[in-house]
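**Q** Sequence and predicted model, in that order:
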Amino acid sequence: DAKTTQPPSMDCAEGRAANLPCNHSTISGNEYVYWYRQIHSQGPQYIIHGLKNNETNEMASLIITEDRKSSTLILPHATLRDTAVYYCIVRSYNNNDMRFGAGTRLTVKP
Amino acid sequence: NAGVTQTPKFQVLKTGQSMTLQCAQDMNHEYMSWYRQDPGMGLRLIHYSVGAGITDQGEVPNGYNVSRSTTEDFPLRLLSAAPSQTSVYFCASSLLWPSNQPQHFGDGTRLSIL
């Protein structure tokens, strides 16, 4: 499966949009992009996933570039409770192994 | 809707002791799995199950046993605990397998082996 590259840390002001980038330049055509986050001492929380179209749900938006080599997770109005480590994962539908990398530590500041 | 429930949340064992980590889901998910999370190593798949009565090994199965007698429950057994098994253990489930549906995780069991 393709690997992902994320910045190790980012800051965001409370109430502003948080844009978290992810590079997955070796992604295959049947691999989906998933985003999870992990708040300290809790289990990974699913946020959103997509194949090639942009996706939006009640938590976030996912923007995937046309060549699918990168994506951006957007939290439209970040709150202090969004402070967490965010993981970008790519996997195909028949690969059950969720390979979490180091992720991006997002700190939302007042 | 409880989702994925893991018990206990914390446990301390002595080397050589046995124990069972419990995982239950109330979403009628067919697929369930166990991961361990260690500092700097991300999540590693231990065992998984694609339905009741069916289990298989993941990346790091040694020292762990599983069974799946019901759709809801997927316990993880440590037969003889070793300090190397000190970790945070997560159970996850998804509706079907294979599928692009996401896995949903429990809040983990923090296990220390002395």
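**A** Done, it's in. Numbers count the residues shown, from 1 in each chain, chains lettered A, B, ... in the order given.
**Q** ok, residue B:13 to residue A:45 distance?
**A** Look at residue B:13 and residue A:45: by CB to CB, to the nearest Å, they are 28 Å apart. Yep, even glycine has a C-beta here, placed from its N, CA and C like the rest.
**Q** can you check residue B:67 too?
**A** For residue B:67, the distance to residue A:45 equals 28 Å [CB to CB].
**Q** for residue A:97, same thing?
**A** Per CB to CB, residue A:97 is found 19 Å from residue A:45.
**Q** can you check residue B:84 too?
**A** Distance of residue B:84 to residue A:45, given as CB to CB: 28 Å.
**Q** between those two, which one's more packed in?
**A** Using other CB atoms under 10 Å in any protein chain shown, the more surrounded residue of residue B:84 and residue A:45 is residue A:45, with 17 against 10.
**Q** Give the bridge partners for the residue nearest the centre of chain A, please.
**A** Central residue of chain A (CA atoms, centre = their mean): residue A:35, 3.6 Å from the mean position. Applying DSSP bridges to residue A:35 gives these bridge partners: residue A:48, residue A:88.
**Q** ok, it - contacts?
**A** Contacts for residue A:35 were tallied using CB atoms under 8 Å, 6 or more residues apart in numbering or on different chains; they are A:20, A:22, A:46-49, A:60, A:62, A:73, A:86-89.
**Q** just the strands in chain B please.
**A** Taking DSSP state E as the test, the strands found in chain B are B:4-7, B:10-13, B:19-25, B:31-38, B:42-51, B:54-57, B:64-66, B:76-78, B:87-94, B:104-105, B:109-113.
**Q** Tabulate the ones you listed (CSV), appending mean pLDDT, distance to residue A:7 and mean neighbour count.
**A** Below are the strands of chain B laid out as CSV (pLDDT from 0 to 100; distance: least, CB to CB, whole Å; neighbours: other CB atoms under 10 Å in any protein chain shown):
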stretch, mean pLDDT, distance to residue A:7, mean neighbour count
strand B:4-7, 97, 30, 18
strand B:10-13, 96, 33, 14
strand B:19-25, 98, 33, 19
strand B:31-38, 95, 21, 24
strand B:42-51, 93, 17, 20
strand B:54-57, 96, 34, 14
strand B:64-66, 97, 34, 19
strand B:76-78, 97, 34, 18
strand B:87-94, 96, 24, 24
strand B:104-105, 96, 23, 22
strand B:109-113, 97, 28, 18
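**Q** So which bits of chain B are right by chain A?
**A** B:4, B:6, B:31, B:33, B:35, B:37, B:42-43, B:45, B:48, B:58-59, B:90, B:92, B:97-100, B:102-108 (CB under 8 Å from any CB of the partner chain).
**Q** With adjacent residues omitted, what lies nearest to residue B:54?
**A** Excluding its sequence neighbours, the residue lying closest to residue B:54 (CB to CB, 6 or more residues apart in numbering or on different chains) is residue B:68, at 6.6 Å.
**Q** unless I'm mixing things up, that neighbour is touching residue B:47, no?
**A** No - using CB atoms under 8 Å, residue B:68 is not in contact with residue B:47; the gap is 9.4 Å.
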